[in-house]
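A.B. asks: Let me see the structure of the following:
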Amino acid sequence: MKKQLLSLAAALALTPAFNANAEATLTEVWKTGNLQELNANWDGTAPDWTSTDAIKKQSCARFATGRDGVLYTINMKTMSIAKITKDGVEDVYKLPKLEGDDYYGTAISMDEVGNFLVGHYFTKAPLSSQVWTIYCPSDGSSKQFNIGYPGGVKPEDYNDGGLTANTGISRIDCVGRVIGDLTGESVFFVAPHGNAANGAPAGAFNIRIINGYNEDGTTVETVQFEANEYVPTYLGTSGGQNIVQPAISNIEEFGTPDDELAHKQAYILCSGEGGKYDVFSCYKGAPQSSACEKMQAAWRAMEFHSKNNGFDTFVADGHRYFLHSFVSSEAEQSNNNRPMSVGVFNELGEMVASWVNQDYLSSNNGYNSIVAQPQADGSVLIHTYSSCTAYGAAAVLKFTPESSDEMLGSENNPIHVSTADDLMTLATKCLDGTSYVVLDNDIDLSGIQYKVPFTEAAAKAKTIHFNGNNHVIKNLKGAVNVTGEGEEQVTIGVEQNASVFGSIKGTIRNLGVENIDVNVNWFCTGGIVGASVGDLTIDNCYATGSVQGAASGGLVGSCNAGTLTITNSYSQVNTADNAGGHSAGLVGRANAGLSISYAYASGSVTSKNNAAGLVNINTATNVTLNNVVAWNSSVSSDGGVAGPTVNGDGGILNNVEFYKEMLINGVPIYSGADAETLQNTVTAWEAYNTKLVDGYPVLAWQSATSGVSAIEADETDAPAVYYNLQGIQVANPENGIYIVRRGNKVSKEYIR
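C.D. replies: Numbering: from 1, shown residues only. Take a look at the predicted model:
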């Protein structure tokens with residue numbers, strides 16, 4: 001795209017605001033039912049859709065758009081933009097006369113500065129998905145443009161009956177919101193009608209993205225359009241009144257043509273079975289897919305259903321919300337084929353606020369429009385319009401989101417985890433954005449087929465601050481079960497990025513992971529995290545056990561984005577890679593920024609390619625280790641590189657020590673520090689206990705047991721074993737006071 005503009009409206013929408021209300025509310029600003037002029041009998045006595053003159057004899061105002069508390073629709077009878085307020089309907093902008101039998105349709109939208117986008121031809125496919133007009137109300141200027149056929153599709157490929165195997169162009173009834181400024185830089189989505197009955201294959205390309213830009217920034221007439229792109233829908237089917245809303249909140253999030261995923265982040269509302277309506281991501285791999293699944297489940301679970309296409313989505317106070325028209329009662333179900341009640345859902349599928357129009361009754365078909373507009377004060381104006389026989393209705397509502405300070409998952413109201421199910425379903429409880437989580441007790445995963453809480457797609461949209469509260473998660477087991485020679489391998493437990501959390505960004509503090517046992521053939525594996533997908537801090541944590549995979553680390557398998565920071569933590573995890581990748585005592589593979597301090601690794605490391613006592617630097621260029629100990633018993637590689645501390649270029653090492661009895665590919669190093677020296681080094685760090693467990697330091701918050709208090713011996717004539725006053729065993733005591741064990745007798749002695 002040629003330039004990056006952020007309109008004033010978009011900038012205001014992003015302005016943070018304090019919301020003192022704890023409860024989310026949806027209140028009525030104004031409402032009117034005085035729309036007979038627009039809606040009288042258009043659906044009861046439908047015109048001949050093939051006749052231009054017949055269409056123009058009725059207003060046929062199916063859909064509307066809204067901004068600043070006013071709704072707008074197309075009056076096809078007068079070929080004007082009509083304004084709807086609490087006082088009724090008024091034609092305010094006469095649209096330019098068009099040549100031939102061209103006529104305006106029902107599709108209308110607005111950009112973020114108030115310019116209109118209007119569709120043409122209505123029922124004539126494929127022209128209705130191709131021909132559009134921009135109208136600027138400030139000076140009355142307009143620009144008609146034709147976006148043509150998708151790349152590589154010829155006009156003769158089009159089938160008048162609907163979609164063919166290689167086209168996704170057909171009739172357009174409604175269009176989603178425009179992001180940006182149509183006279184500058186903008187993007188909008190259209191979803192032509194198409195379904196399998198008309199010959200569309202699964203995965204048909206039937207959502208379109210259009211970019212507009214203005215080289216000199218002057219008038220509407222200079223606007224150019226480029227980057228037409230068809231995107232496959234999730235299901236490959238759609239209906240004539242599909243609505244597609246962008247997932248991005250401003251034009252800067254749209255990215256460039258090279259950002260493949262950014263172009264495809266949108267939500268599509270399409271017809272489902274039984275008259276229910278479902279929402280899908282327009283690109284199956286996009287991050288919003290998980291939210292779509294929750295919306296679909298929530299709407300399908302509602303007691304009453306009816307045909308409707310009122311739908312929008314927005315971000316307020318840092319959280320994603322969805323708007324959907326719904327049926328609120330059995331009486332409304334029997335009277336309203338197109339309901340006007342509006343519900344606001346968070347991305348977990350919970351209805352957080354609703355508005356029911358008690359006196360709107362429709363006895364025949366109609367259509368819905370809902371348009372959200374975030375405000376600078378943190379509230380959201382919601383413009384809703386329903387067309388129907390002889391009546392119709394419009395309203396403007398105001399949504400005030402729940403206070404972030406009181407919302408579940410906020411720092412003041414964290415999500416509590418106390419069971420294995422709580423842990424495995426954690427992602428479903430965390431809103432997009434930032435969530436705080438507290439572990440209430442130890443969790444034993446013995447016998448549980450564990451599923452990681454966060455997949456990579458889910459993790460990218462969430463920042464999790466997890467406080468283990470000095471508790472332990474233990475006995476997590478996940479493996480690849482080979483059922484027989486030549487048979488497909490089946491993963492038992494865990495999923496991608498096998499670990500406690502899977503993929504994550506945020507912070508993990510004060511957590512112990514004990515006796516983890518993960519053995520998979522692919523993905524990253526770690527004692528705590530499989531792969532970090534953004535800035536992540538691990539502090540005051542430890543892990544023990546064994547992990548094997550493609551990139552395996554005692555604490556983290558791979559850091560893939562942002563900066564991974566590890567402080568005051570240790571790993572006693574044996575690591576291995578099963579796929580010719582990377583294995584290391586702390587972080588198996590560094591693909592992004594990495595900083596480690598006051599940490600040690602004592603597990604064995606094996607790899608087919610790259611093995612390191614602490615970390616393998618893969619593509620990262622910013623790796624720093626300060627006060628870190630490689631205490632590994634062995635580091636070995638089948639044919640690649642094996643190093644006692646770090647493999648790869650670009651690392652900065654300060655005060656990094658390694659164990660002199662470490663075996664590198666089976667050969668002792670015979671350099672470095674002995675066990676006693678390493679014990680003294682680590683126990684001197686502030687976060688660690690002065691006592692040892694099985695000869696290794698542990699964190700201060702752990703219930704450490706020294707070798708002294710654990711003595712159980714019967715031989716009174718056993719040789720003397722010396723400990724300093726911190727409980728650390730000393731091989732060759734010098735002058736000073738020591739604790740001495742002789743068999744089952746312990747005493748304090750001064751050694752000269």
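A.B. asks: quick one: Y283 from I207, how far?
C.D. replies: Per CB to CB, to the nearest Å, Y283 is found 9 Å from I207. C-beta: built from backbone N, CA, C; applies to glycine.
A.B. asks: who has more neighbours, the two?
C.D. replies: Higher neighbour count among Y283 and I207: I207, with 25 against 21, using other CB atoms under 10 Å.
A.B. asks: The more buried one contacts S281, doesn't it?
C.D. replies: No: assessed by CB atoms under 8 Å, I207 is found out of contact with S281, at 10.4 Å.
A.B. asks: Overlap of the contact sets of those two?
C.D. replies: Common neighbours of I207 and S281 are listed as 266, 268 (criterion: CB atoms under 8 Å, 6 or more residues apart in numbering).
A.B. asks: So which residues of the stretch 1-150 of the chain form helices?
C.D. replies: All helices of the stretch 1-150 of the chain, identified by DSSP state H, counting those that start in this stretch, fall at 8-13, 36-39, 52-56.
A.B. asks: Lowest average pLDDT across the ones you listed?
C.D. replies: For the helices of the stretch 1-150 of the chain, mean pLDDT drops lowest on helix 8-13, to a mean of 32.
A.B. asks: quick one: A298 is in a strand?
C.D. replies: No: applying DSSP: H, G, I helix; E, B strand; the rest coil, one finds A298 to be helix, outside a strand.
A.B. asks: How are the strands of the stretch 351-500 of the chain distributed by residue range?
C.D. replies: Assigned by DSSP state E, counting those that start in this stretch, the stretch 351-500 of the chain shows strands spanning 351-355, 367-374, 380-387, 393-400, 415-417, 433-439, 443-444, 462-474, 477-482, 489-492.
A.B. asks: can you redo those strands as a markdown table with mean neighbour count, distance to A266 and mean pLDDT?
C.D. replies: Supplementary listing: the strands of the stretch 351-500 of the chain in a markdown table, determined by neighbours: other CB atoms under 10 Å; distance: least, CB to CB, whole Å; pLDDT from 0 to 100:
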| stretch | mean neighbour count | distance to A266 | mean pLDDT |
| --- | --- | --- | --- |
| strand 351-355 | 18 | 23 | 93 |
| strand 367-374 | 25 | 15 | 90 |
| strand 380-387 | 26 | 19 | 92 |
| strand 393-400 | 23 | 21 | 93 |
| strand 415-417 | 19 | 29 | 94 |
| strand 433-439 | 20 | 19 | 92 |
| strand 443-444 | 18 | 38 | 96 |
| strand 462-474 | 20 | 20 | 95 |
| strand 477-482 | 17 | 35 | 65 |
| strand 489-492 | 14 | 32 | 54 |
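A.B. asks: Columns distance to V231 on top of those strands, output as CSV?
C.D. replies: Formatted as CSV, these follow (distance: least, CB to CB, whole Å):
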stretch, distance to V231
strand 351-355, 29
strand 367-374, 22
strand 380-387, 27
strand 393-400, 29
strand 415-417, 34
strand 433-439, 26
strand 443-444, 42
strand 462-474, 25
strand 477-482, 35
strand 489-492, 31
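A.B. asks: Show me the one of those strands that comes nearest V615.
C.D. replies: The minimum distance between V615 and those falls on strand 462-474, with 22.3 Å, by CB to CB.
A.B. asks: Alpha carbons only: can I get the closest one in PDB?
C.D. replies: Output in PDB follows, covering the C-alpha atoms of strand 462-474 (Å, rounded to 0.1, in the frame of the first residue of the first chain):
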ATOM      1  CA  LYS A 462      -3.400 -13.100  24.700                       C
ATOM      2  CA  THR A 463      -0.900 -11.900  27.300                       C
ATOM      3  CA  ILE A 464      -1.000 -14.100  30.400                       C
ATOM      4  CA  HIS A 465       0.400 -13.200  33.700                       C
ATOM      5  CA  PHE A 466       0.500 -16.500  35.600                       C
ATOM      6  CA  ASN A 467       1.400 -16.500  39.300                       C
ATOM      7  CA  GLY A 468       2.100 -20.000  40.500                       C
ATOM      8  CA  ASN A 469       1.900 -18.800  44.100                       C
ATOM      9  CA  ASN A 470       4.700 -21.100  45.100                       C
ATOM     10  CA  HIS A 471       2.800 -24.200  44.000                       C
ATOM     11  CA  VAL A 472       3.700 -27.200  42.000                       C
ATOM     12  CA  ILE A 473       2.300 -28.900  38.900                       C
ATOM     13  CA  LYS A 474       3.500 -32.500  38.700                       C
END
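A.B. asks: For that strand, give me every contacting residue.
C.D. replies: The contact list for strand 462-474 (CB under 8 Å, 6+ apart) reads 411, 414, 423, 426-427, 430-446, 454, 500-501, 504-515, 534, 541, 701.
A.B. asks: can you give me phi and psi for G69?
C.D. replies: phi 80, psi 10 (degrees, to the nearest 10).
A.B. asks: right, I mislabeled it, should have said E350
C.D. replies: phi -100, psi 130.
A.B. asks: Need the pLDDT of it.
C.D. replies: For E350, pLDDT reads 88.
A.B. asks: Repeat that for N159.
C.D. replies: pLDDT at N159 comes out at 61.
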